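A.B. asks: Whatever this is, show me its structure:
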Amino acid sequence: MTLIKSYYNFFFSPRRSLAKKLKPILGFVPSNMALFQQAFFHKSNNNNQDSTGPKVHQNNERLEYLGDALLSTIVAEYLFKKYPNSDEGFLTKMRAKIVKRKTLNDIGDRMGLDMLLLEYNSTKLSKSMMGNALEALVGAVYLEKGYDITRRFVVNRILRAYLDIHKLEKKDDNFKSQLLEWCQKNGLEISYEVLDRFKVDKRDRFKVAVLVDGAKMGEAEEFNKKSAEQIASRIALSRIHSEEISAGQNG
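C.D. replies: Have a look, this model is predicted:
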């Protein structure tokens, strides 16, 4: 029955255009097209009426939640087997690098998920929507195919296809962690403050500042609060680095 549904979806279904776009991404044609279509409906979308199918009442947040948990588990297992002699600290840092928002955003963009998001959303796309859709897609694969096929999809069509794992080992762009380490080393307090929260294209946008011992050292805006904190931390680190160089030259 599943094969028949997949055949119908690819050649005759009103959603056959989506089926044809998903096949090279997934490696198969879904049988439950409504589920996979839902993976690309962002919460800011104000037009849930698909001209080729029934009204969709949910956005992709629930699928994103499921996909996030699956990605964390699958990546942990993948790293555990790939690095048999590495300790828990290394594995934890590597997993964080892989499943963090920026990495998932970049992978979703390279997979071409922006074209699918444009088709089903009336709002302006942002990088964070790519990562959200990728997580939702993983959740949809799990609901249709189960854990084993989802694990193969994540490992073969995401990790091995779009990540240079050895390059990632040496990369450290967790600016919040770097700034925290610098502050701890110098006995300084660090905190983050939401300066403003407002709507842009029907979506929440955050303006965040990072404070070091009460002094504002960086400020940034993003649709995701954590992303804004990372950018603000990068700005703060750049400012600290410049001040240290200036102090060294004057000394």
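A.B. asks: The residue nearest in space to the middle of the chain: which element?
C.D. replies: Per Cα atoms, centre = their mean, the C-alpha nearest to the average position across the chain is that of G131, at 2.8 Å. G131 belongs to helix 127-145 when elements are defined using DSSP states H and E.
A.B. asks: Give the other helices and strands that that helix contacts.
C.D. replies: helix 16-26, helix 33-38, helix 61-82, helix 101-110, helix 113-120, helix 147-154 (3 or more Cβ pairs under 8 Å, 6 or more residues apart in numbering; DSSP states H and E). C-beta: built from backbone N, CA, C; applies to glycine.
A.B. asks: rewinding a little: quick check: the gap between the residue nearest to the centre of the chain and Y192.
C.D. replies: Counting by Cβ to Cβ, to the nearest Å, the gap from G131 to Y192 is 21 Å.
A.B. asks: With V99 instead?
C.D. replies: Distance from V99 to Y192, counting by Cβ to Cβ: 21 Å.
A.B. asks: which residues in the stretch 151-251 of the chain form helices?
C.D. replies: Using DSSP state H, counting those that start in this stretch, the helices of the stretch 151-251 of the chain run over 160-162, 165-170, 175-185, 225-250.
A.B. asks: and the shortest one, what does it pack onto?
C.D. replies: Read it as helix 160-162. Applying 3+ Cβ pairs under 8 Å, 6+ apart, one finds that helix 160-162 contacts helix 101-110.
A.B. asks: pLDDT weak spots in the stretch 1-150 of the chain?
C.D. replies: Across the stretch 1-150 of the chain, the ranges flagged by pLDDT under 70 are 1, 46-57.
A.B. asks: mean confidence score for stretch 197-214?
C.D. replies: Stretch 197-214 carries an average pLDDT of 90.
A.B. asks: what residues does it touch?
C.D. replies: Applying Cβ atoms under 8 Å, 6 or more residues apart in numbering, the contact partners of stretch 197-214 are 44, 46, 123-124, 126, 179, 183, 188-196, 216-225, 228-229, 232-233, 235-236.
A.B. asks: what about A209, neighbour count?
C.D. replies: Number of residues near A209 (other Cβ atoms under 10 Å) recorded here: 20.
A.B. asks: how far away is it from N85?
C.D. replies: 42 Å.
A.B. asks: And for L168?
C.D. replies: Remark: distance between L168 and N85 (Cβ to Cβ) = 18 Å.
A.B. asks: what's the domain layout of this protein?
C.D. replies: 2-170, 175-250 (automatic domain parsing).
A.B. asks: Tell me which of those domains sits most buried.
C.D. replies: When you average the neighbours per residue for each of the domains of the chain (mean count of other Cβ atoms under 10 Å), domain 2-170 leads with a mean of 17.
A.B. asks: Much appreciated, bye for now.
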